Structures are given as C-alpha cells and as structure tokens.
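Engineer: what shape does this take:
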Amino acid sequence: MRLLGYIAVMALVTYAIRAIPFVLFRKKINSRFVQDFLYYVPYAVLSAMTIPAVLYATDHIVSAAVGAAVAVVLAFFRRGLLTVALSACGAALAVELVMLYLL
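Structural biologist: Got it, this is the predicted structure:
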C-alpha cells in the first residue's frame, strides 16, 4: 500500500512541475532577455548532467578526459554520432589499458 502512495506522490510532483509554468505564464513572453535565457536552459541542464557523468565514467579521470576530447574534436569536424561515440569509447579504453600496464 505504501508503494502506491509513493507512486501517487511522484505522479503529482511530476505533473505539478510540468503544469505550473502553463498556469503562471499564460501570456506570450515578450522580454528578449527572458526568451534568450529560456532558450539556453536545456543546453545548460544537459551539460550539467552529462559532463560529470562523462568525467567519472572510467577508473581514471585522465582516460575520461581523453575520450571526451576525442568526442569534441570529431563532433567539431561533423562526424556521425556512431563514429564519435565509438571513437571516444575506444580512446578512453586505450588510455585505460596503457595506464593499467604502465602503472
């Protein structure tokens, strides 16, 4: 019975988070500053969640940083998502193996 209560509370909280902006902001937002701010919020949140996960995904932060750097460089040169992901994983694995045998 407690499980159903937990699920109900989480459903209510999830719904409230999505409904409150619609209730509070019924009119179109005309402020250029607020529009620009809201435009970048998803990118900031995604970065805040992704970067720590990337840096602590391996045993050593060095291998994670090398993998992230490889991903950034390949993405900058507009390589495909699969190529970027596999290359970043391969670079992180290679650095991990080198560190394993050298240290």
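
Engineer: the closest residue to Leu93 other than its chain neighbours: which element?
Structural biologist: Beyond its immediate neighbours in the sequence, the residue positioned closest to Leu93 (CB to CB, 6 or more residues apart in numbering) is Ser63, lying 7.8 Å away. Any C-beta I mention is one placed from the backbone N, CA and C, and that applies to glycine too. Taking DSSP states H and E as the criterion, Ser63 maps to helix 61-76.

Engineer: also Gly5?
Structural biologist: Assigning secondary structure by DSSP H and E places Gly5 in helix 2-24.

Engineer: who are the packing partners of that helix?
Structural biologist: Using 3 or more CB pairs under 8 Å, 6 or more residues apart in numbering; DSSP states H and E as the contact criterion, no helix or strand is in contact with helix 2-24.

Engineer: where does Arg78 land in three-state SS?
Structural biologist: For Arg78, the assignment made with DSSP: H, G, I helix; E, B strand; the rest coil gives coil.

Engineer: meant to ask about Ile29
Structural biologist: When the structure is reduced to helix, strand and coil (three-state DSSP), Ile29 reads as coil.

Engineer: for it, give me its contacts.
Structural biologist: For Ile29, the contacting residues are Gln35, Leu38, taking CB atoms under 8 Å, 6 or more residues apart in numbering as the criterion.

Engineer: quick check: next helix or strand after the helix holding Gly5?
Structural biologist: helix 32-55.

Engineer: who are the packing partners of that next one?
Structural biologist: Judged by 3+ CB pairs under 8 Å, 6+ apart, the packing partners of helix 32-55 are helix 61-76.
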